[in-house]
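Peer 1: Model the structure of this input:
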Amino acid sequence: YSDRGFVVCDGTDVKPIGVERVDNSFRNEYSVSELDAMFAAVDPVRTLVMWALPDKMWIYNWSLDQWSTAAVPCQAVFDALTQPLSEAALIAL
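Peer 2: Numbering: from 1, shown residues only. Got it, this is the predicted structure:
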């Protein structure tokens with residue numbers, strides 16, 4: 001997120017991804033002072049970028065070029081990959 005709204009950078013070009021879709025809604029919902037509470041994470045497996053603020057996540061799928069939001073009580077998100085659980089491990093849970 002930048003002062004121009006949500007953008008993506010491929011190392012060379014910067015492209016807006018929130019114009020006419022989520023930028024105005026985001027600006028209307030949060031003040032600049034609230035942005036200190038924002039965390040972001042990337043899920044390369046599901047091609048998602050998530051920006052989390054208390055009580056809401058803004059989710060962008062770069063493969064589909066689509067946005068979504070989720071009302072979830074969270075304080076932060078972070079990037080992490082884990083090993084998949086085996087069926088036996090899931091049954092034990």
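Peer 1: Please, where are all the helices along the chain?
Peer 2: Ranges of helices within the chain are 23-29, 87-92, based on DSSP state H.
Peer 1: Output the longest one in PDB with nothing but the alpha carbons.
Peer 2: What follows is helix 23-29, C-alpha atoms only, in PDB (Å, rounded to 0.1, in the frame of the first residue of the first chain):
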ATOM      1  CA  ASP A  23      -8.500   2.100  -2.900                       C
ATOM      2  CA  ASN A  24     -11.400   4.400  -2.100                       C
ATOM      3  CA  SER A  25     -13.000   2.000   0.300                       C
ATOM      4  CA  PHE A  26      -9.700   1.400   2.100                       C
ATOM      5  CA  ARG A  27      -9.000   5.200   2.400                       C
ATOM      6  CA  ASN A  28     -12.600   5.800   3.700                       C
ATOM      7  CA  GLU A  29     -12.200   3.100   6.300                       C
END
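Peer 1: pLDDT below threshold where in this protein?
Peer 2: Applying pLDDT under 70 to the chain picks out residues 78, 80-93.
Peer 1: Tell me the bridge partners for the most centrally placed residue in the chain.
Peer 2: Central residue of the chain (CA atoms, centre = their mean): residue 50, 1.1 Å from the mean position. Note on residue 50: beta-bridge partners by DSSP bridges are residue 41, residue 59.
Peer 1: That one contacts residue 56, doesn't it?
Peer 2: No: contact between residue 50 and residue 56 fails when scored by CB atoms under 8 Å: they sit 10.7 Å apart. C-beta coordinates here come from the backbone N, C-alpha and C atoms, glycine included.
Peer 1: Spit out the contact partners of the residue nearest to the centre of the chain.
Peer 2: Under the criterion of CB atoms under 8 Å, 6 or more residues apart in numbering, the neighbours of residue 50 are 40-43, 57-60, 77.
Peer 1: hmm, who's touching stretch 63-72?
Peer 2: With CB under 8 Å, 6+ apart as the criterion, stretch 63-72 contacts 17-18, 21-22, 47, 55-61.
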